[in-house]
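Asks: Predicted model and sequence below, questions to follow.
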Amino acid sequence: MTAIAILGANGRMGKALIRAIAEDDAAKLVSAQVRPGHALLGQDAGIQAGVEPLGVALSDQLNPGTQVVVDFTSPDNTALVAADCAAKGLALVVGTTGLEERHKAALVEAARQVPVVFAPNMSVGVNLLLGLVHLASQVLGDSVDIEVLEAHHRHKKDAPSGTALALGEAAAKALGRNLKECAVYGREGITGERDRQTIGFATVRAGDIIGEHTVLFAGEGERIELTHKAHNRDTFAIGALRAAHWLQGRAPGLYDMQDVLGLK
């Protein structure tokens, strides 16, 4: 039985995670954390997530008995959580997006003490897509233009999405390119002819789109499109829960979903 703490338990992903735990006989919710002073403090975590009562109240503290912390909050908070987990010897699953280098450095530091899974997208399908993008990039090489297209709901705060960047990184790595040097994040006006060595990104923010990603490989006379569409957040929650189980007994280190799924 994996004893799990959910941070940001009142958010969209927090509720999805709680529902996933309620349906998993091998998982137990031991802590559901929200920010101090939140109006829902004290309410049963299961009820607020839309399932049966779980006997765990929403709290602003981490409850005893936690083995794995699952965090889908904000970059600055994630950095603090990583340091706290390292100090307490708790395994950590991070699905927070929009992390800058300083936030990632906090995860690297925590991973010296505890096992950490960090992935911009916990979906099994998306992580399979990453492998397919790497393979397609190797096969097609410099004969195609590569564009990463992504769409998310209007409330998403970062752009491009962490998943889009990971897809671009998979392509760049396969081609021996540095994504920081070859990425193009927007086009406007007279841009001139496209440089085939670049990897383009296009972003849509609208309505309640859960998450859609397409990597376009366009050559002369043909193109290949690899696409993943999330229909609900359950897929991310199930993947995060799978990562939490996988961390049990792991040595300290920084892992990703490719490790969890055995795709490396």
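Replies: Perfect, thanks for sending it.
Asks: just checking, what packs against the helix ranked longest in the chain?
Replies: Longest helix of the chain, by residue count under DSSP state H: helix 124-140. Identification of packing neighbours for helix 124-140 by 3 or more C-beta pairs under 8 Å, 6 or more residues apart in numbering; DSSP states H and E yields helix 162-175, strand 211-218, strand 223-230, helix 234-247, helix 257-260. Just so you know, the C-beta spots here come from the backbone N, C-alpha and C atoms, and that holds for glycine as well.
Asks: give me that answer again for 10 Å
Replies: strand 145-152, helix 162-175, strand 211-218, strand 223-230, helix 234-247, helix 257-260 (3 or more C-beta pairs under 10 Å, 6 or more residues apart in numbering; DSSP states H and E).
Asks: With respect to residue 132, which of the ones you listed lies nearest?
Replies: strand 223-230 (5.5 Å; C-beta to C-beta).
Asks: and the closest one, what other elements does it pack with?
Replies: With contacts taken as 3+ C-beta pairs under 10 Å, 6+ apart, strand 223-230 sits against helix 124-140, strand 145-152, helix 162-175, strand 211-218.
Asks: will you turn the ones you listed into CSV that also has mean neighbour count?
Replies: Putting the helices and strands packed on strand 223-230 into CSV (neighbours: other C-beta atoms under 10 Å) gives the following:
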stretch, mean neighbour count
helix 124-140, 18
strand 145-152, 22
helix 162-175, 22
strand 211-218, 20
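Asks: Export those as TSV, with columns for distance to residue 102.
Replies: Output for the helices and strands packed on strand 223-230, formatted as TSV (distance: least, C-beta to C-beta, whole Å):
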stretch	distance to residue 102
helix 124-140	24
strand 145-152	24
helix 162-175	16
strand 211-218	25
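Asks: Can you tell me which of these is nearest to residue 74?
Replies: Closest among the helices and strands packed on strand 223-230, once you apply C-beta to C-beta, is helix 162-175, at 12.9 Å.
Asks: Keeping just the C-alphas, turn the closest one into CSV.
Replies: Taking Å, rounded to 0.1, in the frame of the first residue of the first chain, the C-alpha atoms of helix 162-175 are listed here in CSV:
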residue,chain,number,x,y,z
GLY,A,162,5.9,21.8,-20.7
THR,A,163,4.8,18.9,-22.9
ALA,A,164,5.3,20.9,-26.0
LEU,A,165,8.8,21.8,-24.9
ALA,A,166,9.6,18.2,-24.1
LEU,A,167,8.4,17.2,-27.5
GLY,A,168,10.6,19.8,-29.1
GLU,A,169,13.5,18.6,-26.9
ALA,A,170,13.0,15.0,-28.1
ALA,A,171,13.2,16.1,-31.7
ALA,A,172,16.2,18.4,-31.1
LYS,A,173,18.1,15.7,-29.2
ALA,A,174,17.6,13.2,-31.9
LEU,A,175,18.9,15.7,-34.5
